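Asks: Sequence plus predicted model, see below.
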Amino acid sequence: MSKVSPAKPRAVRPRRALLVALAVAGTLVVGHADAAELNVVAWCDHQDPNTFEPFEKANDVKVNVKSYEGTGTLVSYIQQSTPGDWDIVSVDSVDIIKLAKAGLLEPLEEGAYPLDDIYPEIFMPESETLDGKRYGIPEKFGYNALAYNSKNVDADEIKDLNALLDPKYKDRIAIYDYYFTAIQTAALMNGIEPDEINAENMPKIAETLKKLKANAKLFGDIPTVQTALATGDVDIVFGGAEFLVAGMGDTKPELTWLLPEQGGLRWQSSIGIFEGSKQKDLAKKFVEWTLSPEGQARFAQSSCYWGMPGNKKAGPLISDEAKARLQWEEQPAYLERSYAYTATDPELDKLMVETWAELQQD
Amino acid sequence: MRKGLWPTLYLFPASALFVLFFVLPLAAMIWMSFYQQQGFVLGTEATLANYLNFFSKPYYLQALWNSLWMGMVVTGISLLIAYPLAYILSFHASATWQRIGIMVCMLPFWTSYVVRSYSWLLALSNNGVVSQAADSIGFFPAVGLANTTAATIIGFVHFFVMLLSLTIFSSLVRIPRSYIRAAQDLGAGWPSVFTRIIWPLSLPGVIAGVMLTFVLTLGDYVTPQILGGGKELVLTQVIMLQVQRQGNFPMAGAINLVLMAISIAVTLIANRAISKASR
């Protein structure tokens, strides 16, 4: 029987190790470059693979979606990238103009897209067009209004926003912490329309917000206020609507939303193509898919958040139950009573941010 | 290539990573903090405006105070719980129980930070297990602690008690038991043994743990954001507001540098205290 000698430790061969590492890295890079891919930077509703799966199959392409949670984050992504990194952008309609002015977007051929099928109320020419050229098309919209638990709250009582100042709602309200919509909604409580907000009436708006804060249990981002409503920690979310509760309809049917008598803010996103995209034909096809009735029906019920499809023709492809959660039939009235996000001048925006920060720390 | 160069070459990947992903971003942040955000682009003139803005606005200073206060409270409570725990593990537990105790202390590190915070949020909410249990035993009514400063403190303390226990335990187990026996042979009672032997010799571990707890609490965003309710913002939340809502990276950078300066100062003070305590 032969003896087994102890294994000798093998000397590390640096040159060989280096060559192996380079070969592995090279394989990864080459492998990455081979796949046909379309890069999308968008709100998280675009991240649901179910929304673009048929597009991927039909065009034999992989869609990569990088989501952002605020326009500020989108700015950072763009600043850190080079032309060609991104093909498609989905952004608040009001911000399309900023991207267009920075030379980042490709003009869109109006005849190539179903513009006639889109709700006419949601077009924002001043934000989506520049020098007569269109840079963005509205694809989805919804509201910043009131989301609430219908088991604990009577809709008739809170349809007047000022009812939220009643002490009976103390510690039952969560405030969605987007200063822009919260301040504008508080302005509506004072009979001030969003475009009438200025430095003179800001103290009055701030006073209303202060009273609202006295009744609020918390300020929070979307996951925070959504969790608070779902766990029963609060009964009302100021600034919430379908994007917060419609997706939970299966498990929490008691959570619903309304647009108050005073109206509310209307969020809407638009889709555009980056000027630096190296595959503009494919990008164009993606925009066509997103705006098609089928794409819109899927997109309206994205797992991240629901919203109204911009294309009216998506209706027949959406179930009655889903339409009920989106309050489909109410849309003509809601569109009339809501105010789309508008661009504010930098000084007013700064004042709004400061008013909000002071309120949160007060 | 001479053999002597290989060790230098081995250092290259780590050094390159450090420079690329720490030194350069930090330098970029410092540089950027002296400019102002104008829409999607940076202004062209260097200015101290962001720093002046920070030190002149009450809500920034309030956020700074909230962060410091939170750091002190969390560190204090964590220390009060962690020291006795480490002491019992070190002096009154068998080797088996010590291993079990250390394992228990490490458990929170195995869970995702975000998941742990959301778990606390659910547990502390109106219908959560903590409120319901407290209500069922009639201890106090089921008040939802979720979305309050108290919830943030609970979330922090849960994590940092374990961290502090480990650092203190590592100091306590190294204390030669012969010192204690010698003191007792000479007639010293437990209070004397503790105050003159155990506490001084455990100080390096206590200071290191306190420093880590304070600095990590100061720099944490997830816990206050998920558990705190947003009615009293800490500095990290204000930084994120600048980034997410405003896209104002220069202002966020300036606030972050103030936070870093405080953390560095605390670390230097702690290092000096550890050196002194170890002599």
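Replies: Noted; the coordinates are in hand.
Asks: I'd like the next helix or strand past the helix or strand hosting residue A:144.
Replies: According to DSSP states H and E, residue A:144 maps onto strand A:137-149. In the C-terminal direction, the helix or strand that comes right after strand A:137-149 (DSSP H and E) is helix A:155-158.
Asks: Now do that next one: distance to the chain's middle.
Replies: Taking CA atoms, centre = their mean, to the nearest Å, one finds helix A:155-158 lying 27 Å from the centre of the chain it belongs to.
Asks: hmm, stretch A:63-76 in reach of chain B?
Replies: Yes: for stretch A:63-76 and chain B, the contact criterion (CB under 8 Å from any CB of the partner chain) is met by A:69, A:70, A:71, A:72, A:73, A:74, A:75, A:76. All C-beta spots, glycine's among them, are computed from the backbone N, C-alpha and C.
Asks: Pull the most distant pair out of those residues.
Replies: Greatest spatial distance among the residues of stretch A:63-76 next to chain B (CB to CB): A:69 and A:75, at 12.4 Å.
Asks: Who has more neighbours out of the two?
Replies: For residue A:69 and residue A:75, the more surrounded residue by other CB atoms under 10 Å in any protein chain shown is residue A:75, and the numbers stand at 24 against 16.
Asks: Could you please name the strands the strand holding residue A:144 pairs with and the direction of each pair?
Replies: strand A:236-240 (antiparallel), strand A:255-258 (antiparallel), strand A:264-274 (antiparallel), strand A:308-309 (antiparallel) (DSSP bridges).
Asks: chain center to it: distance?
Replies: 10 Å.
Asks: do the same with stretch A:125-133
Replies: Centroid displacement of stretch A:125-133 relative to its chain, using CA atoms, centre = their mean, is 21 Å.
Asks: what's the burial count for residue A:49?
Replies: Neighbours of residue A:49 (other CB under 10 Å): 11.
Asks: For it, give me the pLDDT.
Replies: Predicted confidence (pLDDT) for residue A:49: 92.
Asks: Which of the residues of stretch A:63-76 next to chain B fall in helices?
Replies: Using DSSP state H, A:71, A:72, A:73, A:74, A:75, A:76 are the members of the residues of stretch A:63-76 next to chain B that sit in helices.
Asks: Now do the buried residues in the helix or strand hosting residue B:60.
Replies: Element membership for residue B:60, per DSSP H and E: helix B:58-92. Of all the residues in helix B:58-92, those buried under the rule 16 or more other CB atoms under 10 Å in any protein chain shown are B:59-60, B:62-64, B:66-68, B:70-71, B:73-75, B:77-79, B:81-83, B:85-90.
Asks: just stretch B:214-222 next, same as before
Replies: Those would be B:214, B:215, B:216, B:217, B:218, B:219, B:220, for stretch B:214-222 by 16+ other CB under 10 Å.
Asks: what's the closest non-adjacent residue to the second one?
Replies: In this structure, residue B:215 finds its nearest non-sequential neighbour in residue B:263, 4.8 Å apart by CB to CB, 6 or more residues apart in numbering or on different chains.
Asks: Could you measure from the one you found over to chain A?
Replies: According to CB to the nearest CB, to the nearest Å, residue B:263 and chain A sit 22 Å apart.
Asks: so what's that residue up against?
Replies: B:215, B:218, B:219 (CB atoms under 8 Å, 6 or more residues apart in numbering or on different chains).
Asks: Identify the nearest residue to residue A:151 in space, disregarding sequence-adjacent positions?
Replies: With CB to CB, 6+ apart, the residue lying closest to residue A:151 is residue A:254, at 4.6 Å.
Asks: What pLDDT does the model give that neighbour?
Replies: Note on residue A:254: pLDDT of 97.
Asks: if I read this right, it contacts residue A:149, doesn't it?
Replies: Yes: with contact defined as CB atoms under 8 Å, residue A:254 reaches residue A:149; the gap is 5.6 Å.
Asks: If I look at residue 29, what pLDDT would I see?
Replies: Looking at chain A here, since you left the chain open. 45.
Asks: other chain: chain B
Replies: For residue B:29, the pLDDT comes out at 94.
Asks: same question, residue B:43
Replies: Looking at residue B:43, its pLDDT is 83.
Asks: so how far is residue B:250 from it?
Replies: The spacing between residue B:43 and residue B:250, counted by CB to CB, to the nearest Å, is 8 Å.
Asks: Give me the common contacts of these two.
Replies: Shared contacts of residue B:43 and residue B:250, counting by CB under 8 Å, 6+ apart, come down to B:35, B:36, B:37.
Asks: and the helix or strand where residue B:169 lies with helix B:58-92, angle?
Replies: Residue B:169 belongs to helix B:149-172 when assigned by DSSP H and E. Calculated by axes from the mean of the first three to the mean of the last three CA atoms, to 10 degrees, helix B:149-172 forms an angle of 40 degrees with helix B:58-92.
Asks: Export helix B:149-172 to CSV, keeping only CA atoms.
Replies: Taking Å, rounded to 0.1, in the frame of the first residue of the first chain, the C-alpha atoms of helix B:149-172 are listed here in CSV:
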residue,chain,number,x,y,z
THR,B,149,-39.7,58.7,16.5
ALA,B,150,-40.0,55.9,19.1
ALA,B,151,-40.4,53.4,16.3
THR,B,152,-37.1,54.6,14.7
ILE,B,153,-35.4,54.3,18.1
ILE,B,154,-36.7,50.7,18.6
GLY,B,155,-35.5,49.7,15.1
PHE,B,156,-32.1,51.2,15.7
VAL,B,157,-31.7,49.8,19.2
HIS,B,158,-32.6,46.3,18.0
PHE,B,159,-29.7,46.3,15.6
PHE,B,160,-27.1,48.2,17.6
VAL,B,161,-27.6,46.3,20.9
MET,B,162,-26.2,43.3,19.1
LEU,B,163,-23.3,45.2,17.5
LEU,B,164,-22.4,46.8,20.8
SER,B,165,-22.7,43.5,22.7
LEU,B,166,-20.2,41.9,20.4
THR,B,167,-17.6,44.7,20.7
ILE,B,168,-18.0,44.9,24.5
PHE,B,169,-18.0,41.1,24.8
SER,B,170,-14.7,40.9,22.9
SER,B,171,-13.1,43.3,25.5
LEU,B,172,-14.6,41.5,28.5
